[in-house]
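sequence first, predicted model second:
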Amino acid sequence: MNLAAVGNPETCSWLKLAGVGEIYPIEDEAKIDTLSILTNLWQREDVSIILITSDVAEKYHQPISNYMAKNLYPVILEIPSQVKGTKDPVAELIRQAVGIKLEF
Amino acid sequence: MSTEDIIPGITPTRMQLLELNQRLELATKGYELLSEKLEALTGELLTSVNAYKERREKALEKTTLAQDEYRKLELQLGTTELRGVVSNFKQVYHLESKKRSLMGISVPMFHLIDPESENTNNASYSLKRTSAKFDENLFLFKDSLQAIIQLSEVQSTISRLAKEIIETKRRVNALNYIIIPRIKATVKWIRLTLAERERESFVRLKKVKKKISG
């Protein structure tokens, strides 16, 4: 099973040094179709965790949440960052399940 | 309770009444069991949420540190040099995912397979061009990746639990608000119809008796 990372070049680079096999740095938002990278990744069976940086996660919050609500694999994880105000898909799931709104 | 609540296509007979009573018993039992399950699942979810918060904080701390160190490294080596090192870097972690059963739901457990244990030749970067600090940083990056993986384990547990909870909740509600009231309404309706029929035949008998004797 492999790991993959999608996000800003800086984070991708250190993740690569940490041992993440596949990195997809998004250098220029306008030139790269991030959504198709994501859809390709979550159709693959050999990838079990997709790491996404919060700037990407924020832009594609809706498709990611939709995907997570339907599928359990691969696990999509937003790399925690200091940036506040991003919507956490996990908090959203918990709200749906138990009706409690949590803040992280 | 209106007549709309009655299960359609049921004839008011004693046989049906017996059958419906059995169904009612089964539905009530199912309802009780499912609500118990729901309670247990919710408890489990809350425990996982606490773990998630804890691990998230830990991971956040580590990733911030890693980010800072990476920037320092960039300053030290220069952007182009570092990019070269990154693109030639070959150590890749693979994941081993195992499954663990939590209340009948399988949740994943991730385990990083260390490439160094498989392959001792780990110098995929030039030792001459990188500093000793670089090696230290590699450990740091690995450490934060580990924290991230642990976080994803809990996250996936939470999403599985949440899904199961939503599903169970729907079933509990369906039983409680639709199926059980419907069966009850139908039972009542059959009882009333049977009683009415009995009264009818009683009156009929009386009338016949009167005619015969009179």
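Structure's in. What do you need? Numbers count the residues shown, from 1 in each chain, chains lettered A, B, ... in the order given.

rest of the way, CA atoms for contacts and neighbours
Will do.

and the helices in chain B?
B:14-77, B:79-88, B:115-118, B:132-174, B:180-213 (DSSP state H).

by mean pLDDT, show me the worst of those helices.
In terms of mean pLDDT, the lowest-scoring of these is helix B:115-118 (a mean of 56).

low pLDDT regions in chain A?
A:81-88, A:103-104 (pLDDT under 70).

where exactly do the helices run in it?
According to DSSP H, the helices that chain A contains are A:9-18, A:34-43, A:54-59, A:61-70, A:89-98.

what number of residues lie near A:Glu29?
By other CA atoms under 10 Å in any protein chain shown, 11 other residues sit near A:Glu29.

cool, and the one 4 residues further on?
Here the count is done by other CA under 10 Å, and A:Asp33 has 11 residues near it.

point out the most buried one among the helices of chain A.
helix A:9-18 (a mean of 24; mean count of other CA atoms under 10 Å in any protein chain shown).

could you give the angle of that helix to helix B:14-77?
Orientation of helix A:9-18 against helix B:14-77 (axes from the mean of the first three to the mean of the last three CA atoms, to 10 degrees) gives an angle of 90 degrees.

can you confirm whether helix A:9-18 lies near chain B?
Yes - counting by CA under 8 Å from any CA of the partner chain, chain B is contacted by helix A:9-18 at A:Glu10, A:Thr11, A:Ser13, A:Trp14, A:Leu15, A:Lys16, A:Leu17, A:Ala18.

closest one of those residues to chain B?
Nearest to chain B among the residues of helix A:9-18 next to chain B is A:Ala18, at 4.5 Å by CA to the nearest CA.

if we can go back for a sec, make TSV out of the helices of chain B and add mean neighbour count and distance to B:His94.
Converted to TSV, the helices of chain B look like this (neighbours: other CA atoms under 10 Å in any protein chain shown; distance: least, CA to CA, whole Å):
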stretch	mean neighbour count	distance to B:His94
helix B:14-77	16	19
helix B:79-88	14	18
helix B:115-118	12	8
helix B:132-174	20	11
helix B:180-213	14	51
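
export those to TSV and tack on distance to A:Ile49?
Formatted as TSV, these follow (distance: least, CA to CA, whole Å):
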stretch	distance to A:Ile49
helix B:14-77	16
helix B:79-88	21
helix B:115-118	18
helix B:132-174	8
helix B:180-213	43
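
make a markdown table out of those and add distance to chain A.
Output for the helices of chain B, formatted as a markdown table (distance: least, CA to the nearest CA, whole Å):
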| stretch | distance to chain A |
| --- | --- |
| helix B:14-77 | 5 |
| helix B:79-88 | 6 |
| helix B:115-118 | 9 |
| helix B:132-174 | 4 |
| helix B:180-213 | 23 |
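
how far away is B:Phe209 from B:Arg100?
Heads up, residue B:209 is Lys, not Phe. 76 Å (CA to CA, to the nearest Å).

against A:Asn8, how distant is B:Lys210?
98 Å.

oh, I was asking about B:Phe110
If you go by CA to CA, the gap between B:Phe110 and A:Asn8 works out to 25 Å.

for B:Ala162, same thing?
From B:Ala162 to A:Asn8 the distance is 30 Å (CA to CA).

also B:Ala51?
Between B:Ala51 and A:Asn8 the computed distance is 28 Å (CA to CA).

for A:Leu72, same thing?
25 Å.

more neighbours, these two?
A:Asn8 (20 against 17).
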